[in-house]
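In: mind looking at a prediction? Sequence and model below.
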Amino acid sequence: MKRWFALSAIGPDRPGIVADLAELIYECDCNLEDSSMTVLGSEFAVLLLLTGEGEDLERRLSAACKRLEWEKRLTVFFRPLESEPVPYRVATGARPYLLEAVGVDKAGIVARVARVLAQHGVNITKMETSSHPEPGTGTPIYHMSIAMDVPARTDEAKLRADLERVAAELLIDIHLEAQEGKPV
């Protein structure tokens, strides 16, 4: 029977991490179904969705992850999933949106915006943030980009009003755009 697993790993960025993880998956007779990888600062981080079969699959994955941690100095976690994952958008009929926020960097931007989204039942599917000095003044400017799925039942006008209120309080600009027909 096909079983699903989520696997995450983090460690100092270096060439070969993806090859190490792909080989682990292959050696355990698993298939890589989906992945997301990034470098944050000097750390490489990855989240993988994989499938496999066999009664001892969980034991083989556990042993392979421990070996990879020991040999390659990665921190690796994996867990079995209850069943085949169904994306939130598919399960709820949600619509894809993109939110962009820009302003002077200050504590609380992500927390405040994410809380508004959570209160409206919005599922964040991808988020990227960065802070860079403004040319000339050196003032740190914060950029946040959020891909998200907004439930069909959500009152878009109320969501926009709540985001505008937070933007005014934080003195940032927020732009929200529907992404109908665009993969997120």
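Out: On my side now, so go ahead.

In: residue ranges for the helices of this protein, please.
Out: For the chain, the helices defined by DSSP state H occupy 17-27, 57-72, 88-92, 109-119, 156-170.

In: least reliable of those helices going by mean pLDDT?
Out: Confidence, taken as mean pLDDT, is least for helix 88-92 of the helices of the chain (a mean of 77).

In: could you pull out the buried residues of that one?
Out: Applying a neighbour-count criterion of 16 or more other Cβ atoms under 10 Å, the buried positions in helix 88-92 are 88-89, 92. In short, each C-beta sits where N, CA and C put it, glycine included.

In: repeat for stretch 136-147
Out: Within stretch 136-147, the residues that qualify as buried are 141-142, 144, 146-147, counting by 16+ other Cβ under 10 Å.

In: can you check stretch 120-130 too?
Out: Quick answer for stretch 120-130 (16+ other Cβ under 10 Å): 120, 122-123, 125.

In: could I have that stretch exported to CSV, CA atoms only?
Out: Extracted in CSV, the C-alpha atoms of stretch 120-130 (Å, rounded to 0.1, in the frame of the first residue of the first chain):
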residue,chain,number,x,y,z
HIS,A,120,-10.4,35.3,7.7
GLY,A,121,-9.5,31.7,7.3
VAL,A,122,-6.9,32.4,4.7
ASN,A,123,-4.2,29.7,4.1
ILE,A,124,-0.7,31.0,3.4
THR,A,125,0.9,28.8,0.8
LYS,A,126,4.1,30.6,0.4
MET,A,127,5.8,33.6,2.0
GLU,A,128,9.0,35.4,1.2
THR,A,129,10.3,38.4,3.2
SER,A,130,13.4,40.5,3.0
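
In: distance from the chain centre to it, please.
Out: Distance of stretch 120-130 from its chain centroid, counting by Cα atoms, centre = their mean, to the nearest Å, is 8 Å.

In: re earlier: could the buried residues of stretch 136-147 be laid out in JSON lines, adding pLDDT and distance to residue 71?
Out: Shown next, in JSON lines, are the buried residues of stretch 136-147 (pLDDT from 0 to 100; distance: Cβ to Cβ, whole Å):
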{"residue": "141", "pLDDT": "97", "distance to residue 71": "41"}
{"residue": "142", "pLDDT": "97", "distance to residue 71": "38"}
{"residue": "144", "pLDDT": "98", "distance to residue 71": "37"}
{"residue": "146", "pLDDT": "97", "distance to residue 71": "37"}
{"residue": "147", "pLDDT": "95", "distance to residue 71": "35"}
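
In: now distance to residue 82 too, for the buried residues of stretch 120-130, in CSV please.
Out: Compiled in CSV, these are given as follows (distance: Cβ to Cβ, whole Å):
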residue, distance to residue 82
120, 27
122, 24
123, 18
125, 20
